[in-house]
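Asker: Here is the input, now give the coordinates:
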Amino acid sequence: MDQTVVAELVPESQRRPKGATGELLLEVDDLHTSFRTHDGLVRAVTGVDFNVRRGEILGLVGESGCGKSVTSLSVLRLINPPGRIDSGRITFDGKDLLNLTETEMRNIRGNRISMIFQQPTSALNPVMDLGSQVGEVLETHRNMKRKVARERALELLRMVGIADPERRLKAYPHETSGGMAQRVMIAMALACEPELLIADEPTTALDVTIQAQILDLMRRLQQETGTAIILITHDLGVVAEMCDRVAVMYAGEIVEQTDTATLFRDPRHPYTRGLISSIPVVGEIREELATIPGNVPNLVDLPPACRFAPRCVTREVESVANSTEIHPVLLEATPGHEVRCWLYHDREGRIIRSEAPRSFRPGASEIAGSEPTLERGHTAELGGGGDGATT
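Answerer: Sure, this is the predicted structure:
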């Protein structure tokens, strides 16, 4: 991809002043989001805590239904009835977003915080052509005249890999494929050079060539402008390649959080180890892949204590009582490595184990071989779903 891609996306004269890389940009503290339904109260997000620094890429991973997308929508205050943000604090650049007026939030959405939605065909306006939709972002937040905004929209469509962008500029969402609609959403999200980009499965439905271009574009934007990224994905190969830190979500809460290299080298939570061990490894022969038994619990009727306990096959005698009676909290097992698991803490929060137990088995059968390893730039060793093989 052209090395001047970022400059072409956002001219230097229109860029906002950069904050210092490493400064705290977003802080989510004890976030609770729920949905009232006929079946009961769905506790989609409960007690989520994380932060993102300028220039950082944070990965949110976990199975479908674990609360990743609801967390991101909560950050943008896009939870509509019957959903609601029950409590917590979302601080962006020193401002609590939950205390802002809707007008103030509209000035932030799409401008300082952008989002690439998971279902682009539903997110796009069916009665507006693609050029108008991309241009509207620039007209609203950059005060561009319509003609200039449309010219910039043409450049954006070209940059995200849409063939024949002049013709597609006049097309409507129903005339595009899912992959093309996704690229249009990415162009809209990147148009204003956001300080924070939330990418919810950004490469879904894209072939491997375009996927690589989009990830490269996002990485270059982050490097050149200091944009922070929250990357929501099921693809652990993408996480290993793109992310600085990772937060693993399960049943509405974060169960493990650390830097990417540590997560792949020394995963602690049984759920995290199960996710990593279920990935096929290039060059390793197994009769079958490891699996995690059971399913994510019903968020209307959550287990009273450890939410992973019904699926966990690694519980030891000393942790069984705690896991079924008391809900664990997210505490440090080692510096910078937080885990929500009774294998590492007692009821008073004291560390009882600094290393993962040798008998740790992420699935129904023990994993053959050594610990998973990660070397930056060699993510192909992980193999894995979502890396483009199916496409």
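Asker: and the end-to-end length of stretch 160-170?
Answerer: End-to-end span of stretch 160-170 (Cα to Cα, to the nearest Å): 17 Å.
Asker: next one: that stretch to chain centre, how far?
Answerer: Its chain's C-alpha centre and that of stretch 160-170 lie 28 Å apart, by Cα atoms, centre = their mean, to the nearest Å.
Asker: do stretch 95-115 as well
Answerer: Distance, centroid of stretch 95-115 to centroid of chain: 19 Å (Cα atoms, centre = their mean).
Asker: what distance separates the start and the end of that stretch?
Answerer: 19 Å.
Asker: in the stretch 101-250 of the chain, which spans are helices?
Answerer: 102-108, 120-123, 130-142, 146-159, 165-168, 178-190, 208-225, 236-242 (DSSP state H, counting those that start in this stretch).
Asker: Could you export these as TSV, including mean pLDDT, distance to Ser72 and mean neighbour count?
Answerer: For glycine as for every other residue, the C-beta is placed from the backbone atoms N, C-alpha and C. Shown next, in TSV, are these (pLDDT from 0 to 100; distance: least, Cβ to Cβ, whole Å; neighbours: other Cβ atoms under 10 Å):
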stretch	mean pLDDT	distance to Ser72	mean neighbour count
helix 102-108	94	14	13
helix 120-123	84	13	17
helix 130-142	94	19	21
helix 146-159	92	22	19
helix 165-168	94	27	15
helix 178-190	87	12	24
helix 208-225	81	15	18
helix 236-242	90	16	23
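Asker: Quick one: residues contacting Gly88.
Answerer: Residues near Gly88 by Cβ atoms under 8 Å, 6 or more residues apart in numbering: Val28, Asp29, Asp30, Leu31, His32, Val48, Leu98.
Asker: any idea which residue sits dead centre in the protein?
Answerer: What sits nearest the mean C-alpha location of the chain, by Cα atoms, centre = their mean, is Ile232, with 1.9 Å.
Asker: any weak-confidence spans in the protein?
Answerer: Applying pLDDT under 70 to the chain flags residues 1-20, 205, 284, 286-287, 315-324, 346-391.
Asker: I would like the residues contacting whatever helix or strand Val255 lives in, please.
Answerer: Taking DSSP states H and E as the definition, Val255 sits inside strand 253-259. Outside strand 253-259, the residues that touch it by Cβ under 8 Å, 6+ apart are 45-50, 67, 244-249, 263, 267-269, 271-272, 307-308, 330, 336-341.
Asker: okay, now Glu63: neighbour count?
Answerer: 15 (other Cβ atoms under 10 Å).
Asker: residue contacts, the closest residue to it other than its chain neighbours?
Answerer: Distances taken as Cβ to Cβ, 6 or more residues apart in numbering place Val296 nearest to Glu63, at 5.5 Å, with adjacent residues excluded. Contact analysis of Val296 by Cβ under 8 Å, 6+ apart lists Glu63, Ser64, Gly65, Cys66, Tyr250, Ala251.
Asker: Span of stretch 139-147 from start to end?
Answerer: 10 Å.
Asker: same check, this time on stretch 48-67
Answerer: Termini of stretch 48-67 sit 10 Å apart (Cα to Cα).
Asker: Any idea how far that stretch is from the middle of the chain?
Answerer: 5 Å.
Asker: closest to Glu201 out of the helices of the stretch 101-250 of the chain?
Answerer: Closest approach to Glu201 among the helices of the stretch 101-250 of the chain is made by helix 178-190 (8.9 Å; Cβ to Cβ).
Asker: wait, Ala153 sits on Leu169?
Answerer: Yes - taking contacts as Cβ atoms under 8 Å, Ala153 lies within contact range of Leu169: 6.6 Å.
Asker: Common neighbours of these two, please.
Answerer: Joint contacts of Ala153 and Leu169 (Cβ under 8 Å, 6+ apart) are Leu130, Gly131.
Asker: wait, the residue nearest to the centre of the chain sits on Val70?
Answerer: No - taking Cβ under 8 Å as the definition, Ile232 is not a contact partner of Val70, at 10.6 Å.
Asker: what's the overlap in contacts for the two?
Answerer: Going by Cβ under 8 Å, 6+ apart, no residue sits against Ile232 while also sitting against Val70.
Asker: Run the chain-centre distance for stretch 184-200.
Answerer: The answer for stretch 184-200 is 14 Å, by Cα atoms, centre = their mean.
Asker: Begin at 51, not 1, for the rest of this chat.
Answerer: With the count now opening at 51, the last piece we talked about shows up as stretch 234-250.
Asker: if I look at the closest residue to Gly117 other than its chain neighbours, how far off is His377?
Answerer: Once flanking residues are discounted, Gly117 sits nearest to Gly302: 4.2 Å by Cβ to Cβ, 6+ apart. Gly302 is 12 Å from His377, where distance means Cβ to Cβ, to the nearest Å.
Asker: So between the two, which is more surrounded?
Answerer: Gly302 (28 against 17).
Asker: Now do the more buried one against Ile135, distance only.
Answerer: When Gly302 is compared with Ile135 (using Cβ to Cβ), they lie 13 Å apart.
Asker: try Ala231
Answerer: 28 Å.
Asker: Now do the strands in the chain.
Answerer: 74-87, 90-103, 107-111, 133-142, 145-146, 163-166, 246-250, 278-282, 295-300, 303-309, 381-384, 387-389 (DSSP state E).
Asker: now the fourth one: how far from the chain's centre is it?
Answerer: Which is strand 133-142. Distance, centroid of strand 133-142 to centroid of chain: 18 Å (Cα atoms, centre = their mean).
Asker: Buried residues in it, which are they?
Answerer: Of all the residues in strand 133-142, those buried under the rule 16 or more other Cβ atoms under 10 Å are Gly133, Ile135, Gly138, Ile140, Thr141, Phe142.
Asker: how about these in CSV, adding distance to Cys362?
Answerer: Shown next, in CSV, are the buried residues of strand 133-142 (distance: Cβ to Cβ, whole Å):
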residue, distance to Cys362
Gly133, 29
Ile135, 30
Gly138, 27
Ile140, 31
Thr141, 34
Phe142, 35
